[in-house]
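**Q** When you get a sec, could you give me coordinates for this:
(one chain, ligands or ions: 2)
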Amino acid sequence: MPMIEIRDVSKWYGSFQVLKDCTTNVEKGEVIVVCGPSGSGKSTLIKTVNALEPFQKGNIVVDGIVVNDPKTDLPKLRARVGMVFQHFELFPHLSVTENLTLAQIKVLNRTPDEARVRGLKYLDRVGLMEQKDKYPGQLSGGQQQRVAIARALSMDPICMLFDEPTSALDPEMINEVLDVMVLLAKEGMTMMVVTHEMGFARKVAHRVIFMDEGQIVEDATKDDFFGKPRSERAQQFLAKILHH
Ligand SMILES: Nc1ncnc2c1ncn2[C@@H]1O[C@H](COP(=O)(O)OP(=O)(O)OP(=O)(O)O)[C@@H](O)[C@H]1O
Ligand SMILES: [Mg+2]
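**A** Ligands and ions are numbered 1, 2, ... in the order given. Below is the predicted model:
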C-alpha cells in the first residue's frame, strides 16, 4: 500500500480547472520533488493531500485514510501529515519552545514536559538548541524555517509536505534548510517537496513530478527526468531554471 495515493484528482475554482486528473503514488520512504511553472497547480496539489484544499473529483488515500471521505477526522489527519510552507508561520508572540510544544499539547494531548522533551530533541536535530528561548522575530529566516520543520517533526508525522520551503530565504540561508531536508530524506521520511532547487532533487529525490496547467505532465525517476528526453514543456522549464 502506498503511503500517499492520489487518484484522478480534479479541482475547479468556479469554471477554472486548477487540477486535471492528477494521479500518482508516493511509497513509504520515497522523496518526490514537484516542480513546474508558476500557477501550474503545485501548491494546490500538495495541499489536497492533507485536506487543506478540497477537490471535486477523484480520491486521495494517506496511510489508509481516505482524505475525501466526509467521515474522516481531518484535524487528526493533519496532525499526522507535517506541512512546511514558504513563509514560516510560527506564532510571533510565542517563544521557540512554545511554538514547538503548543500543537503537541493541544492536538496530541501530550503533557507540557513530554512535549518539551520531544520539541527540544528536534530543535537539537535542526541545530538550534541554543535558540530555544528566543522569539521568532529574533531569528533569521533560515532559522525560523528550521524551527518550523522541527515543529512539524515533533508531531511524529507519517509523511512531510513542503511547499517551496526555501524560496523566501536569502541565498546564504537556503542551504542550511536544504541540509536539514536532506538529512530527513536520508533517514527515510516520506516527503513531497514543491521546490525548484534542482540540486536538492538530484541529491535525494527518487522521482520528479513536473506539472503544467493543472496536469502532471511528467512523473519520472530522477535519472529519467534529468537524463533522457522528455516532454518539450519540461525541457523548456528545466533549461530556464538551470540557467538561472
Ligand atoms: N482561491 C483561488 N481562487 C481561484 N483561483 C485560484 C485560487 N487559488 C489558486 N488559484 C489559481 O489556481 C492556479 C494554481 O495555483 P497554485 O497556487 O496551485 O499554483 P503553483 O503551481 O503553486 O504556483 P506558484 O509556483 O506561483 O506557487 C493558479 O492559476 C491560481 O491563480
Ligand atoms: Mg505554489
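**Q** show me where the chain has strands.
**A** Along the chain, counting by DSSP state E, strands occupy 4-13, 16-26, 31-35, 57-62, 65-66, 81-84, 159-163, 191-194, 207-212, 215-221.
**Q** In CSV, list these along with mean neighbour count and mean pLDDT.
**A** For glycine as for every other residue, the C-beta is placed from the backbone atoms N, C-alpha and C. CSV is the format used below for the strands of the chain (neighbours: other Cβ atoms under 10 Å; pLDDT from 0 to 100):
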stretch, mean neighbour count, mean pLDDT
strand 4-13, 18, 98
strand 16-26, 18, 98
strand 31-35, 25, 97
strand 57-62, 18, 97
strand 65-66, 16, 95
strand 81-84, 23, 94
strand 159-163, 24, 97
strand 191-194, 25, 98
strand 207-212, 24, 96
strand 215-221, 18, 96
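**Q** Residue 118 is nearest to which of the ones you listed?
**A** Residue 118 sits nearest to strand 81-84 of all the strands of the chain, at 13.5 Å, using Cβ to Cβ.
**Q** Tell me if the closest one is near ligand 1.
**A** No: using Cβ under 6 Å from any ligand atom, strand 81-84 stays clear of ligand 1, with a minimum separation of 13.8 Å.
**Q** Now do the longest helix belonging to the chain: which elements does it pack against?
**A** Secondary structure of the chain per DSSP state H: the longest helix is helix 171-186. Here helix 171-186 touches helix 141-153, strand 191-194, helix 198-204, going by 3 or more Cβ pairs under 8 Å, 6 or more residues apart in numbering; DSSP states H and E.
**Q** could you redo the last one with a cut-off of 6 Å?
**A** helix 141-153, helix 198-204 (3 or more Cβ pairs under 6 Å, 6 or more residues apart in numbering; DSSP states H and E).
**Q** So which bits of the protein are right by ligand 1?
**A** 13, 16, 18, 36, 38, 39, 40, 41, 42, 43, 44.
**Q** which residues of the protein score low on pLDDT?
**A** Residue ranges of the chain with pLDDT under 70: 229, 244.
**Q** Quick check: residue 8 vs ligand 1, distance?
**A** Separation of residue 8 from ligand 1 (Cβ to the nearest ligand atom, to the nearest Å) stands at 18 Å.
**Q** excluding its backbone neighbours, what's nearest that residue?
**A** Leaving aside its chain neighbours, residue 8 sits nearest to residue 58 (4.1 Å; criterion: Cβ to Cβ, 6 or more residues apart in numbering).
**Q** Residue 9 is in contact with the one you found, correct?
**A** Yes: with contact defined as Cβ atoms under 6 Å, residue 58 counts as touching residue 9 (3.6 Å).
**Q** which one of the strands of the chain lies closest to residue 103?
**A** Evaluated with Cβ to Cβ, the strands of the chain place strand 81-84 nearest to residue 103, the distance being 10.5 Å.
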